[in-house]
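*Asks:* I'll drop the sequence and a predicted model, then ask my questions.
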Amino acid sequence: MKGRHILMKMITCPVHGDFPIPHDQKQALKKTRAEWLGGWDWEWFLSLNLPSTNYDHYLKRFRKRLAIEEKLCLAFYGLINLKPQPHLHLVMLGVNRHGKTLKDVSPEKWEREWGSIARRSARIEPATTQDGIFNYMHDKNMPDTMYSEIVPYGTNILKRLQKKLH
């Protein structure tokens with residue numbers, strides 16, 4: 001619970017200035033993010049290239065098409081990185097009342113769908129090694145002030161599907 005509060009504070013508080021974050025503080029943030037993200041069994045890891053930094057419209061269209069066509073309730077967390085070009089990294093899960101999940105959906109189809117929406121490439125993979133995904137997102141895509149976190153989508157789904165932690 002404490003980690004979730006810290007993460008939400010990080011998401012809502014903008015960084016002021018262009019100051020490097022000390023290594024020990026970066027490691028603490030990494031641990032907090034990993035603990036928070038580890039609360040769910042994420043099913044997809046998405047890398048979505050963007051034509052500009054204005055991603056809301058593209059992501060909303062993608063999410064709506066995926067949810068409607070596959071009849072899933074979706075939730076995701078991610079970040080936008082500006083280097084070398086604007087792109088999103090997301091972890092996503094989806095579920096419906098009949099037991100269907102994103103594991104039952106073809107990632108290749110939705111890579112093509114992203115291409116038709118944003119006119120850019122996408123890579124969607126099953127989220128098999130979650131620790132590796134979290135490390136990649138943090139170490140490779142969160143350099144000082146070159147990224148922004150996306151407010152998690154589908155928080156009601158996340159609350160319902162959260163792993164029971166001891």
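*Replies:* Thanks, I have it. Numbering: from 1, shown residues only.
*Asks:* going forward, measure contacts between C-alpha atoms and count neighbours the same way
*Replies:* Noted.
*Asks:* wait, what's in contact with L158?
*Replies:* By CA atoms under 8 Å, 6 or more residues apart in numbering, the residues touching L158 are W40, A75.
*Asks:* give me the phi and psi for it.
*Replies:* Dihedral pair for L158: phi -60, psi -40, per degrees, to the nearest 10.
*Asks:* cool, G154 as well?
*Replies:* phi 80, psi 40.
*Asks:* which residues sit in contact with it?
*Replies:* Here G154 is in contact with C73, L74, A75, F76 (CA under 8 Å, 6+ apart).
*Asks:* isn't the third one up against V151?
*Replies:* In other words, A75. No. A75 lies out of contact with V151 (CA atoms under 8 Å); the separation is 10.8 Å.
*Asks:* which one of those two has more residues nearby?
*Replies:* Between A75 and V151, A75 has the larger neighbour count (other CA atoms under 10 Å), namely 21 against 14.
*Asks:* pretty sure that one sits in a helix.
*Replies:* No. A75: not assigned to a helix; according to DSSP: H, G, I helix; E, B strand; the rest coil it is strand.
*Asks:* if I look at it, how far off is E149?
*Replies:* Going from A75 to E149 by CA to CA, to the nearest Å gives 15 Å.
*Asks:* A helix includes N135, no?
*Replies:* Yes. N135 forms part of a helix when assessed by three-state DSSP.
*Asks:* distance check, it against E149.
*Replies:* From N135 to E149 the distance is 15 Å (CA to CA).
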